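Engineer: Test case, fold it:
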Amino acid sequence: MSDTSRTPDTRTPAQIEADIKRRRETLAETLDEIGVRVHPKTIVGDAKAKVAANIDHTLGRAYVGVHRVVGDVKGRLVTEEGAPRLERIVPVALVVVGVVGLLAVGSRRRKR
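Structural biologist: As a prediction, this is how the structure comes out:
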């Protein structure tokens with residue numbers, strides 16, 4: 001493993017021992033870090049954090065989408081001054097009342 005193009009090692013035995021001690025400490029730190037990373041609690045915690053981040057992202061996108069739709073509907077049913085547009089609200093209200101009425105009639109027929 002030694003490189004033959006290097007010059008002979010001129011370190012003292014104390015320097016070599018200090019280098020070995022330093023490398024052992026580095027190796028011990030690395031092994032401790034690996035142990036923490038592969039510990040089941042760490043893996044579960046990382047998975048939970050990833051799922052929570054994905055849920056937050058999805059909920060954020062859903063909020064933006066709903067906010068956009070509500071703004072669009074509001075823009076269609078209210079003028080820029082904030083006054084209701086009755087020519088658009090009345091037909092929508094009639095459709096909603098009709099659908100609710102049909103659902104009520106349908107549920108009564110199922111109960112009989």
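Engineer: Next SSE downstream of the longest helix anywhere in the chain?
Structural biologist: In the chain, with assignment by DSSP state H, the single longest helix is helix 40-77. Reading on from helix 40-77 to the C-terminus, the next helix or strand found by DSSP states H and E is helix 86-111.
Engineer: quick check: angle from that next one to helix 40-77?
Structural biologist: Taking axes from the mean of the first three to the mean of the last three C-alpha atoms, to 10 degrees, one finds helix 86-111 and helix 40-77 inclined to each other by 120 degrees.
Engineer: And helix 86-111, how far out from the chain middle?
Structural biologist: Centre-to-centre, helix 86-111 and its host chain are 39 Å apart (C-alpha atoms, centre = their mean, to the nearest Å).
Engineer: same for that helix, what does it pack against?
Structural biologist: Packed against helix 86-111 by the contact rule (3 or more C-beta pairs under 8 Å, 6 or more residues apart in numbering; DSSP states H and E) you find helix 40-77. Where you see a C-beta, it was placed from the backbone N, CA and C, and this is true even at glycine.
Engineer: Show me which residues of the helix it packs on are buried.
Structural biologist: Judged by neighbour count (16 or more other C-beta atoms under 10 Å), helix 40-77 contains no buried residues.
Engineer: Mind checking the pLDDT average for the longest helix of the chain?
Structural biologist: For helix 40-77, mean pLDDT rounds to 93.
Engineer: Counting by contacts, list what that helix packs against.
Structural biologist: In terms of contacts (3+ C-beta pairs under 8 Å, 6+ apart), helix 40-77 is packed against helix 86-111.
Engineer: Break the chain down into its domains, please.
Structural biologist: The record's domain parsing of the chain by automatic domain parsing lists 13-77, 85-112.
Engineer: Please state the offset of the shortest one from the chain centre?
Structural biologist: Spelled out, that is domain 85-112. Relative to the chain's own centre, domain 85-112 is displaced by 39 Å; criterion: C-alpha atoms, centre = their mean.
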